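Engineer: Pasting a predicted model and its sequence here:
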Amino acid sequence: MFDAAVLQGKRILVTGGGTGLGKEMAVGFAAHGAHVYICGRRKEVLDLAVAEIRERSRGQADALIANVRDPDSIEAMMSAIWADGPLTGLVNNAGANFLAPTESLSPRGYEAIRSTVMDGSFYASVACGKRWIAAGLPGVIISNLVTWVWTGSAYVVPAAMAKAAVHAMTMSLAVEWGPKGIRVNAIAPGPFPTEGAWDKLNPLAETGVGATQADEVPLRRFGKMDELRNLLIFLMSDGCSYITGDTISIDGGHHLAAPSTFAGLAKLSPADWQRAREAIQASVRKEKETRSI
Ligand SMILES: CCC/C=C/C(=O)SCCNC(=O)CCNC(=O)[C@H](O)C(C)(C)COP(=O)([O-])OP(=O)([O-])OC[C@H]1O[C@@H](n2cnc3c(N)ncnc32)[C@H](O)[C@@H]1OP(=O)([O-])[O-]
Ligand SMILES: NC(=O)C1=CN([C@@H]2O[C@H](COP(=O)(O)OP(=O)(O)OC[C@H]3O[C@@H](n4cnc5c(N)ncnc54)[C@H](OP(=O)(O)O)[C@@H]3O)[C@@H](O)[C@H]2O)C=CC1
């Protein structure tokens, strides 16, 4: 769909690019000429991802360990990247989410999600924005949101709140930084199955409702990674020079047909929720064992 050199000379950081959607975007950017950087908290996962991105794209990729919940960690990562030259683009993709009845959430559970999605996107955007502004350089920021920024969603309330905050950041920064040549957009994907998301959002047969299902998507299927890449490459490219402040859905029409949330989980019993919690926490424990930061 695009010229293979459409992103030649671009240097793009994808947060959370070691897995799932972030890794797939990184493959697309690198295959179209960009040097991609990915970050996350697990060295082994990042090393494997860099090897895979290089092989699949035949392009340039590097990884840095960083925790987006920690502004000092983000600053250290940005300084390391900028030492080799400025970024031209940032994708705020790192995310955290799990299904839970809201009344069961502790302040730490809420904070784990809010700080990853809302604070992480803010810190990374400001770390890039202030460098671009100081150097008089243009830049592109794209945040990976979800259609709940328009609909809300039961049982994932901290994620819906935090993504909505980043939606507001997108509109606000587009206006504030537009005169400086910085474009700020977002995407709102529907279901694109990934191990990370499905472990946390569809842990049991009973949790297979709306948000993670394909049958009520008007286009009757999940999203494909090539479709995601096409949108991201376009938004990141110089051909997209007049779009800013927008959040573009890529969900096969799911949110317009209404069942794109977790409303259907009202049928779960307390025992079902306990099993869901145990399954989610088993997945989190497995991931945490391999964290490097
Ligand atoms: C359509 C699809 C849209 C997709 C959207 C996505 O974003 S998909 C992206 C999917 N990918 C990811 O999410 C990847 C990143 N995710 C992660 O790093 C972890 O999943 C994390 C968010 C739990 C944070 O880890 P961490 O090391 O910071 O945290 P921790 O383990 O120390 O727990 C913190 C608190 O949370 C509590 N708690 C946990 N589970 C449950 C539960 N089921 N119920 C209730 N509470 C729960 C836990 O008890 C603790 O509180 P406490 O007891 O101390 O008061
Ligand atoms: N899959 C889907 O259908 C949809 C996904 N999305 C969004 O897409 C994004 C990616 O989700 P997906 O690929 O499915 O799930 P993943 O779990 O695979 O991706 C999350 C990534 O974020 C990284 N991450 C999490 N916390 C931090 C942190 N504190 N610092 C640095 N990196 C962090 C994780 O790496 P590590 O744990 O090593 O740090 C992981 O690589 C999320 O923002 C999600 O909300 C939106 C709509 C639909």
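Structural biologist: Great, that's in hand. Numbers count the residues shown, from 1 in each chain. Ligands and ions are numbered 1, 2, ... in the order given.
Engineer: Which helix or which strand is home to the residue of the stretch 151-293 of the chain found nearest ligand 1?
Structural biologist: With Cβ to the nearest ligand atom as the measure, residue 197 is the residue of the stretch 151-293 of the chain nearest to ligand 1, at 3.5 Å. All C-beta spots, glycine's among them, are computed from the backbone N, C-alpha and C. In this structure, residue 197 sits in helix 195-201 according to DSSP states H and E.
Engineer: Name all residues that make contact with the residue nearest to the spatial centre of the chain.
Structural biologist: Centroid-nearest residue in the chain: residue 93, 2.2 Å away (criterion: Cα atoms, centre = their mean). Counting by Cβ atoms under 8 Å, 6 or more residues apart in numbering, residue 93 makes contact with 14, 15, 16, 17, 21, 22, 25, 143, 144.
Engineer: among those residues, which are in reach of ligand 2?
Structural biologist: For ligand 2, the contacts drawn from those by Cβ under 6 Å from any ligand atom are 15, 16, 21, 22, 144.
Engineer: Would you enumerate the residues in contact with the second one?
Structural biologist: I take that to be residue 16. For residue 16, the contact set (Cβ under 8 Å, 6+ apart) comprises 22, 38, 39, 40, 68, 93, 94, 95.
Engineer: which one of those is nearest residue 126?
Structural biologist: residue 68 (12.1 Å; Cβ to Cβ).
Engineer: quick one: that closest one from ligand 1, how far?
Structural biologist: Separation of residue 68 from ligand 1 (Cβ to the nearest ligand atom, to the nearest Å): 10 Å.
Engineer: neighbours of that residue, just the number please.
Structural biologist: Burial measure for residue 68: 27 neighbouring residues, criterion other Cβ atoms under 10 Å.
Engineer: Check what contacts the helix or strand containing residue 126 and list those residues.
Structural biologist: Secondary structure assignment for residue 126, by DSSP H and E: helix 120-135. Under the criterion Cβ under 8 Å, 6+ apart, residues 13, 15, 68-69, 71, 74-75, 78, 82, 86-87, 90, 92, 94, 137-139, 141, 143, 166, 169, 173, 177, 180-182, 184 lie in contact with helix 120-135.
Engineer: re the thing from before, the helix holding residue 197: which residues count as buried?
Structural biologist: 196, 197, 198, 199, 200, 201 (16 or more other Cβ atoms under 10 Å).
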